[in-house]
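Visitor: got a sequence here, can you model it:
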Amino acid sequence: MKIIVWGIGVIGKRLLNIFPTDSIVGYIDSNVELIGKTYNQVPVISFEKYLSEYSELPLLISPLNNMPIIEQLDKQKVDRYWILSEEPMDMYSFDERRLSDVFESENYDLDAYIIKGNSLYSLFLYDYLLIKNKHVVFLSDNDTETHIKTHGYSAVFNVETESVLDWDLYDELLIEDDYYQSSRERYSQLISCKCSTIDAVKKKYRTYPELKKFKGIHKAQRCVIVANGPSLTMDDLNTISEYNEISFGVNGIHKAGTKSSWRPDYYVLSDINYTNYERDKIIGYDSKTKFVLDGAHKFWEKDVPENVYKFYCSTVYSLKSIDVSDEIEYGIYVGMTVIHVCLQIAMYMGFDEIYLLGADTTSYNTKGRSHFIERSEYVDEALSKRTNHPDLDIQRVVLGYKSIKKFADVRGIRIYNATRGGALEVFERKEFDKLFHYHPG
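Guide: Numbers count the residues shown, from 1 in each chain. Here you go, the predicted model:
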């Protein structure tokens, strides 16, 4: 599979360490100073040169701010492209885990497979399985079949029409759609490559049934989710501790450990790099229960205490919609903030009154104090390399909050914003200092 990547920023460069060797044959970039140069022997070309010399190759759009690029493609009637932010997270893993290693870890040990989905990920998987001498076909609808075939893949059958597929090769199809029930015994394993959704992993290896123990354990209770915004104070943490409020803490909150007696009941981490970087401090932090995303592979390389639980984190970069999970054992959606994860866990646990504190929801590039406690060297280094658009990050954060509010409203779950100031206006405001007159510990 050969492709051209649009964008030679941090994300675009990272793909060389993730994608199969030699799959990226060129970069497109709008920076004229880069045109004609190379990165790791891969040429950087203009869009015009792509149209005249490389148009037979599909494109992968790597920037998160991709609408201007899509508009250019539409204007030139270029329709053979994928958008990286809509691909499964393994396609742009922050720990640069090569896709072949990801596929190896999934133990595809059957002889025949059906791939559902029309993502670039699905095509890389198709190539991988063929190398392993597997019998592979695509499960498609009309749109998927057309899309796959335009990329030179002919091993496609359409579920809406009669097919020449040799059904005897297959034993079971692992989906619940009524259409397939009569033929379940005729299929083998379905590999779902539907982009960026938890449905893609429900029937696969990323299922953590041990998380079911948390379902409903705090029914009709209230909690405080503590974010790390600059409005948060040590007095706030001490107040939560004094009144024995059930609380969540996230990411770098462990740094407050020497300055406050407060400890969160639940400590949640969804940042791969930070989790790997601060592993020892995270393990040593005396929170009762910890939830850590499974994508932090370096964190999980060594044994962890029994109070540390793994979850699948489906990061969503879309500006159109962000889903909400009510089955955290299959995965949790996050749109640029770990607070989205906390809210889904809290609702799963049965909390029906949830307060956000320190959720300032201001830009990552805010000058001065942007966090409750001074940032670590890791965070400063990561922010210095950030080349995407902070305003878009905030849009995704707010979009996620709106999706969660809609989900909560239908279920009678009340979410309030008790942050002092800040920019988050999705939830009704409450004054933090007035929460405890009627709810002593």
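Visitor: show me where pLDDT drops low in the stretch 1-150 of the chain?
Guide: For the stretch 1-150 of the chain, applying pLDDT under 70 flags the ranges 89-90, 92-96, 116-118, 137-150.
Visitor: residue boundaries of the helices in it?
Guide: 10-14, 47-49, 67-75, 99-105, 120-131, 142-150 (DSSP state H, counting those that start in this stretch).
Visitor: need the winner for burial among those helices.
Guide: helix 120-131 (a mean of 20; mean count of other CB atoms under 10 Å). (Each C-beta comes from the backbone N, C-alpha and C, glycine too.)
Visitor: chain center to that one: distance?
Guide: Computed by CA atoms, centre = their mean, to the nearest Å, the chain-centroid distance of helix 120-131 equals 21 Å.
Visitor: Tyr267 bridge partners, please.
Guide: Counting by DSSP bridges, Tyr267 is bridged to Gly249, Lys290.
Visitor: give the contact list for it.
Guide: 248-250, 253-254, 282, 285, 287, 289-291 (CB atoms under 8 Å, 6 or more residues apart in numbering).
Visitor: same list (those) but as TSV, adding distance to Asp360 and neighbour count.
Guide: Shown next, in TSV, are the contacts of Tyr267 (distance: CB to CB, whole Å; neighbours: other CB atoms under 10 Å):
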residue	distance to Asp360	neighbour count
Phe248	16	30
Gly249	16	30
Val250	13	24
Ile253	14	28
His254	19	22
Ile282	23	23
Tyr285	23	18
Ser287	22	21
Thr289	26	16
Lys290	24	20
Phe291	22	26
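Visitor: check these against Leu34 and report the nearest one.
Guide: Nearest to Leu34 among the contacts of Tyr267 is Val250, at 37.1 Å by CB to CB.
Visitor: OK, contacts around the closest one?
Guide: Residues in contact with Val250 (CB under 8 Å, 6+ apart) are 225-228, 267-270, 338-339, 342.
Visitor: can I get the contacts of Tyr267 in TSV with distance to Arg411?
Guide: Shown next, in TSV, are those (distance: CB to CB, whole Å):
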residue	distance to Arg411
Phe248	19
Gly249	24
Val250	23
Ile253	27
His254	31
Ile282	31
Tyr285	31
Ser287	27
Thr289	23
Lys290	26
Phe291	21
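Visitor: first-to-last residue distance for stretch 18-32?
Guide: Using CA to CA, to the nearest Å, the end-to-end distance of stretch 18-32 comes to 26 Å.
Visitor: who's in contact with it?
Guide: Outside stretch 18-32, the residues that touch it by CB under 8 Å, 6+ apart are 1-8, 12, 15-16, 35, 39, 42-47, 50, 54, 57, 59, 91-93, 96-100, 124, 127-128.
Visitor: tell me which residues of the helix of greatest length in the chain are tucked away?
Guide: Assignment by DSSP state H gives helix 390-410 as the longest helix of the chain. Buried positions in helix 390-410, judged by neighbour count with 16 or more other CB atoms under 10 Å: 392-394, 396-401, 403-405, 407-408.
Visitor: that one to helix 67-75, inter-axis angle?
Guide: If you take axes from the mean of the first three to the mean of the last three CA atoms, to 10 degrees, helix 390-410 sits at 90 degrees to helix 67-75.
Visitor: can you name the element that comes right after helix 390-410?
Guide: Downstream of helix 390-410, the next assigned helix or strand under DSSP states H and E is strand 414-417.
Visitor: that older thread, can the contacts of Tyr267 go into CSV with extra columns for distance to Leu356 and pLDDT?
Guide: CSV is the format used below for these (distance: CB to CB, whole Å; pLDDT from 0 to 100):
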residue, distance to Leu356, pLDDT
Phe248, 10, 98
Gly249, 13, 97
Val250, 11, 96
Ile253, 14, 92
His254, 19, 91
Ile282, 22, 95
Tyr285, 21, 94
Ser287, 19, 93
Thr289, 20, 98
Lys290, 20, 98
Phe291, 17, 98
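Visitor: and the contacts of Val250, which two are the farthest apart?
Guide: Pairwise distances across the contacts of Val250 (CB to CB) peak at 14.9 Å, for the pair Val226 and Ser270.
Visitor: re earlier: just send the helices of the stretch 1-150 of the chain back as JSON lines, with distance to Glu431 too.
Guide: Below are the helices of the stretch 1-150 of the chain laid out as JSON lines (distance: least, CB to CB, whole Å):
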{"stretch": "helix 10-14", "distance to Glu431": "40"}
{"stretch": "helix 47-49", "distance to Glu431": "53"}
{"stretch": "helix 67-75", "distance to Glu431": "39"}
{"stretch": "helix 99-105", "distance to Glu431": "47"}
{"stretch": "helix 120-131", "distance to Glu431": "47"}
{"stretch": "helix 142-150", "distance to Glu431": "51"}
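Visitor: check the secondary structure at Gly421 for me.
Guide: coil (DSSP: H, G, I helix; E, B strand; the rest coil).
Visitor: which one of the helices of the stretch 1-150 of the chain lies nearest to Tyr274?
Guide: Across those, Tyr274 has its closest neighbour in helix 10-14 (16.2 Å, CB to CB).
Visitor: can I get that closest one in CSV? Just the C-alpha atoms.
Guide: Extracted as CSV, the C-alpha positions of helix 10-14 are listed here (Å, rounded to 0.1, in the frame of the first residue of the first chain):
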residue,chain,number,x,y,z
VAL,A,10,4.9,16.5,14.1
ILE,A,11,2.0,14.0,13.4
GLY,A,12,3.0,13.6,9.7
LYS,A,13,6.6,12.8,10.6
ARG,A,14,5.5,10.3,13.3
